[in-house]
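# Okay, here's the prediction I keep looking at, along with the sequence it came from:
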Amino acid sequence: MILIVGLGNPGTKYLRTRHNIGFRVLDGFQRENNFPNFELAKKFNSLISQGKISGKKILLAKPQTFMNNSGKAVKSLTHFYKITSPGNIVIVHDDIDLPLGKIRIAKNRGSAGHKGVESIIKELGTKDFARIRVGIRNKELGIRETEKYVLQKFTKEEEKIIKKIIKRTCQALKMVLVKEIEKVMNKFNK
């Protein structure tokens, strides 16, 4: 089984914020691939949906722990579903270091200050999983305080870019499931 985790914060207050792009990508991926609707699995403190792609079992998860404790939900999911190889885990999250509209695929990298990723690395005891980093930085807005910036909602103009980048991220995610990650990195990390 492959676990795909989209990072974000639970609740309608955070729904369309920059920090919740991981949730939005998983919502798009779920719809695009005809997975069942997300349902709350209390024992994992996550919204989950399961399906198959190219014969592989896929588990989509949106932790409801708030960003800084995402690792706890991921750890409980990996234990229950016996996902012992970090190579079977993909994390989708926002990245303030990347410009809006860009994505980067990485593996075996540090958190770069992202608290959700930091929590996952701490709980799993490894950083050897795949990550799809989705750029949220808009130079025109300027970033004074990171914590406040990531909790801002996207502007109407930015939402047009976000719709395209969600679609592109879903394509990258699907490729990560069926091809070697290095090939996917070569295609999308431009």
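Arrived safely.
# Strands of the protein, start to end?
Along the chain, the segments classed as strands by DSSP state E run 2-6, 39-41, 46-53, 56-63, 89-99, 103-107, 130-137.
# Give the buried residues for the second one.
In this case it means strand 39-41. Neighbour counts over strand 39-41 (16 or more other CB atoms under 10 Å) mark Ala41 as buried. From N, CA and C alone the C-beta is placed, and that goes for glycine too.
# Direction included, what does it pair up with?
Here strand 39-41 has these sheet partners by DSSP bridges: strand 46-53 (antiparallel).
# Would you mind getting the angle between the partner strand and strand 56-63?
160 degrees (axes from the mean of the first three to the mean of the last three CA atoms, to 10 degrees).
# pLDDT on strand 46-53, on average?
Averaged across strand 46-53, pLDDT comes to 97.
# Please save the CA atoms from it in PDB.
What follows is strand 46-53, C-alpha atoms only, in PDB (Å, rounded to 0.1, in the frame of the first residue of the first chain):
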ATOM      1  CA  SER A  46      -7.400  11.700   9.700                       C
ATOM      2  CA  LEU A  47      -9.800  12.000   6.800                       C
ATOM      3  CA  ILE A  48      -9.100   9.000   4.600                       C
ATOM      4  CA  SER A  49     -10.000   7.600   1.200                       C
ATOM      5  CA  GLN A  50      -8.800   4.400  -0.400                       C
ATOM      6  CA  GLY A  51      -8.600   3.300  -4.000                       C
ATOM      7  CA  LYS A  52      -6.400   1.700  -6.600                       C
ATOM      8  CA  ILE A  53      -4.200   3.000  -9.400                       C
END
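# Many thanks, I have nothing further to ask.
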